[in-house]
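Novice: how would this look folded up:
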Amino acid sequence: MVARGIPCLGPVTQAGCGALCPSYGRGCYGCFGPQESPNTSSLSGRWGELGVDGEDIKRAYRTFNAAADAFRMESETMKIEPSR
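Specialist: Numbers count the residues shown, from 1 in each chain. This is a model prediction of the structure:
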């Protein structure tokens, strides 16, 4: 995420996969779930700075570990702009 500006859940996700997605040039999908005290609001803010819209941020938090409290609660804060 830092080197290439690719949105990924790595900064708020538990370790354990050996960074499989980033090793293939992809952002982390967070398949090992949130770490113990993830700063999801900060990550969402950074994604916004990278130009990621609220719907895409919400979708990222609602993938593999959508029921994990930290990811679920952050996804619920995303404000979605109506389509024109």
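Novice: can you show me the CA trace of stretch 18-28 as PDB?
Specialist: Extracted in PDB, the C-alpha atoms of stretch 18-28 (Å, rounded to 0.1, in the frame of the first residue of the first chain):
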ATOM      1  CA  GLY A  18       3.200 -14.500   4.400                       C
ATOM      2  CA  ALA A  19       1.900 -11.500   2.500                       C
ATOM      3  CA  LEU A  20       0.600 -13.700  -0.300                       C
ATOM      4  CA  CYS A  21      -1.500 -11.000  -2.100                       C
ATOM      5  CA  PRO A  22       1.200  -8.300  -2.000                       C
ATOM      6  CA  SER A  23       3.800 -10.800  -3.300                       C
ATOM      7  CA  TYR A  24       1.600 -11.000  -6.500                       C
ATOM      8  CA  GLY A  25       1.200  -7.200  -6.800                       C
ATOM      9  CA  ARG A  26      -2.200  -7.100  -5.200                       C
ATOM     10  CA  GLY A  27      -3.500  -5.300  -2.100                       C
ATOM     11  CA  CYS A  28      -4.100  -7.500   0.900                       C
END
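Novice: who's in contact with that stretch?
Specialist: Stretch 18-28 is contacted from outside by 1, 4, 6-10, 13, 29, using Cβ atoms under 8 Å, 6 or more residues apart in numbering. Quick note: C-beta positions are derived from backbone N, CA and C, even for glycine.
Novice: which parts of it are buried?
Specialist: In terms of neighbour count (16 or more other Cβ atoms under 10 Å), stretch 18-28 has its buried residues at 21-22, 27-28.
Novice: filter the contacts of stretch 18-28 down to the buried ones, ChimeraX style.
Specialist: Per 16+ other Cβ under 10 Å, the buried members of the contacts of stretch 18-28 correspond to this ChimeraX selection:
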select :1,7,8,9,10,13,29
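Novice: before we move on, back to that, nearest to Asn39, of the buried residues of stretch 18-28?
Specialist: Cys28 (15.0 Å; Cβ to Cβ).
Novice: give the phi and psi angles for the closest residue to the closest one other than its chain neighbours, as a check.
Specialist: Computed as Cβ to Cβ, 6 or more residues apart in numbering, the closest residue to Cys28 that is not its neighbour in sequence is Gly10, at 3.6 Å. Dihedral pair for Gly10: phi -50, psi -40, per degrees, to the nearest 10.
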